[in-house]
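K.L.:
got a structure for you, letters missing:
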Ligand SMILES: O=C(CO)COP(=O)(O)O
């Protein structure tokens, strides 16, 4: 049985004043029935780790360099994330792929670097609007899965987030059937490549305009094991109802 995961990606948002939101989340969910994770900007990782020291809330980086250290001004390595107390790192987010021209091959190298440091990876994939309109979604997903993932992964150390690029921050989401089709497809590709045991154990998150009002129906979709939430993860008022919806989804 895959444990559900509510993950928040703060992107380039948040200063130390916003750590108060994490206190509120911890207070609202003292003994969560699902995993909770927040990926704050790198400047807040160690503060958030200290804050969540006696709570299962996991803290993640938002990217990492492929190298362990070196002359890469402005970058952060998996070793540094680990040292700061992060347990996970998000890789291949479409904003990284666009803003920093990260390719599938880069994402795979980053994943190898992160896994080598004992970090767990959340690898993001997803089609653009043009690709969906051209009915190429599954082909794009297959290509990204094939090229972004290392050859050796487990359900313990890897999570996949399906984030249609056109659904990120737009208020638009695919239909529930469309989400289900892609998640079922990802599951079948993973089983094919890694074998049924590993393939079935990898958690699949949906991301893109998830909010309190649509979370429950999305969490009902087959092979959706949680969400990667952007804007609605920034405050406890918005994120807590999503966490609760995920907790409720395992009771129904
Ligand atoms: O990109 C996302 C999470 O990584 C989704 O962002 P929004 O929830 O703001 O659409």
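P.N.:
That came in fine, so what should we check first? What you are looking at is a predicted structure, and each value in this text was computed from that prediction instead of being measured.
K.L.:
check contacts around whatever residue of the chain ends up closest to the ligand.
P.N.:
Nearest residue of the chain to the ligand (C-beta to the nearest ligand atom) works out as residue 230 at 2.3 Å. Using the backbone N, CA and C atoms, a C-beta is placed for each residue, glycine as well. Residues near residue 230 by C-beta atoms under 8 Å, 6 or more residues apart in numbering: 8-9, 11, 168-169, 207.
K.L.:
Go through those and say which is closest to residue 100.
P.N.:
Checking the contacts of residue 230 against residue 100 by C-beta to C-beta gives residue 11 as the nearest, at 13.3 Å.
K.L.:
what secondary structure does that closest one sit in?
P.N.:
Per DSSP: H, G, I helix; E, B strand; the rest coil, the local secondary structure of residue 11 is coil.
K.L.:
okay, now it: neighbour count?
P.N.:
By other C-beta atoms under 10 Å, the residues close to residue 11 number 19.
K.L.:
heads up, I number from 2, so please use that
P.N.:
OK, 2 is where the count begins now, so the last one is residue 12.
K.L.:
wait, it sits on residue 96?
P.N.:
Yes - checked against C-beta atoms under 8 Å, the pair residue 12 and residue 96 is within contact range at 7.0 Å.
K.L.:
low pLDDT regions in the chain?
P.N.:
Residues of the chain meeting the criterion pLDDT under 70: 253.
K.L.:
Quick one: the strands in it, in order.
P.N.:
With DSSP state E as the criterion, the chain has strands at 6-10, 36-40, 59-62, 89-92, 121-126, 159-163, 204-208, 227-230.
K.L.:
Okay, helices next: where are they in the stretch 52-201 of the chain?
P.N.:
Listed in chain order, the helices of the stretch 52-201 of the chain (DSSP state H, counting those that start in this stretch) span 79-85, 95-100, 105-117, 130-134, 138-149, 177-195, 197-202.
K.L.:
wait, which of these is closest to residue 226?
P.N.:
helix 177-195 (8.7 Å).
K.L.:
what residues does stretch 17-25 touch?
P.N.:
Applying C-beta under 8 Å, 6+ apart, the contact partners of stretch 17-25 are 11, 39, 45, 48-49, 52-53, 58, 235-237, 240-241.
K.L.:
That one: which residues count as buried?
P.N.:
Neighbour-count burial for stretch 17-25, counted by 16 or more other C-beta atoms under 10 Å, picks out 19-20, 22-23.
K.L.:
just how off-centre is that stretch within its chain?
P.N.:
20 Å (C-alpha atoms, centre = their mean, to the nearest Å).
K.L.:
What parts of the stretch 2-151 of the chain come near the ligand?
P.N.:
10, 94 (C-beta under 6 Å from any ligand atom).
K.L.:
Report the contact partners of residue 89.
P.N.:
Listed by C-beta under 8 Å, 6+ apart, the contact set of residue 89 reads 38, 40, 59-62, 120-123, 160.
K.L.:
again, only using 6 Å
P.N.:
Contacts for residue 89 were tallied using C-beta atoms under 6 Å, 6 or more residues apart in numbering; they are 59, 61, 121.
K.L.:
what bridges to the second one?
P.N.:
For residue 61, the beta-bridge assignment (DSSP bridges) gives partners residue 89.
K.L.:
Isn't it up against residue 40?
P.N.:
Yes - if you go by C-beta atoms under 6 Å, residue 61 and residue 40 touch, sitting 3.9 Å apart.
K.L.:
where do the contact lists of those two overlap?
P.N.:
Both residue 61 and residue 40 are contacted by residue 91, under the criterion C-beta under 6 Å, 6+ apart.
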